[in-house]
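Chemist: 3D model of this:
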Amino acid sequence: MVVGAFPIAKLLYLGVRQLSKPVANRIKAGARRSEFFKNYICLPPAQAYHWIEMRSKMKIMGFRGSVIKPLNEETAAELGAELLGEAIIFIIGGGCMVFEYSRQATNSRRKEEEFAQTINNLHTQLGELALATETLDAQIREVNRLLLSLPAPST
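Modeler: Numbers count the residues shown, from 1 in each chain. Have a look, this model is predicted:
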């Protein structure tokens, strides 16, 4: 019974993806505690997200020129931490996809090179067989010529 190679790379990707959520949750918790992280990393994207979301909703509903109030600091910090966590999960998943794509491309390239080498070897063997066939054909012609040049036996 032949057993295929264990897909260790796929298992590792699954592990990385599963670990990305707890890592993102940990970073989110750290972002909520740290003032620097909260003020400079979480709040600006959250306020921008809120502004874009509200502006889009207002345009869809037909309101023009309405002033959008910014989120309070606690809500913005929470939204920013959530956005950060989702971004981390997305980046890790995207990185896994890029790595898997490059791995598959490398495997595909290797298989194509092996196939090209096999074709090249077959062409070489075909040339050697053609040369051997020509040599044997020449030897057969020489033997036939020698047989025809022999005197006919007298009976």
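
Chemist: alpha carbons only for contacts and neighbour counts from here, please
Modeler: Will do.

Chemist: residue ranges with poor pLDDT in this structure?
Modeler: For the chain, residues meeting the criterion pLDDT under 70 lie at 1-7, 9, 155.

Chemist: show me where it has its helices.
Modeler: Counting by DSSP state H, the chain has helices at residues 8-33, 35-37, 43-61, 73-149.

Chemist: columns distance to Val67 and mean neighbour count on top of the ones you listed, output as JSON lines?
Modeler: Below are those laid out as JSON lines (distance: least, CA to CA, whole Å; neighbours: other CA atoms under 10 Å):
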{"stretch": "helix 8-33", "distance to Val67": "28", "mean neighbour count": "15"}
{"stretch": "helix 35-37", "distance to Val67": "28", "mean neighbour count": "14"}
{"stretch": "helix 43-61", "distance to Val67": "9", "mean neighbour count": "16"}
{"stretch": "helix 73-149", "distance to Val67": "18", "mean neighbour count": "14"}
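
Chemist: so which residue is dead centre in the protein?
Modeler: With distances taken as CA atoms, centre = their mean, the residue of the chain nearest its centroid is Tyr101 (0.8 Å).

Chemist: that'll do, ta.
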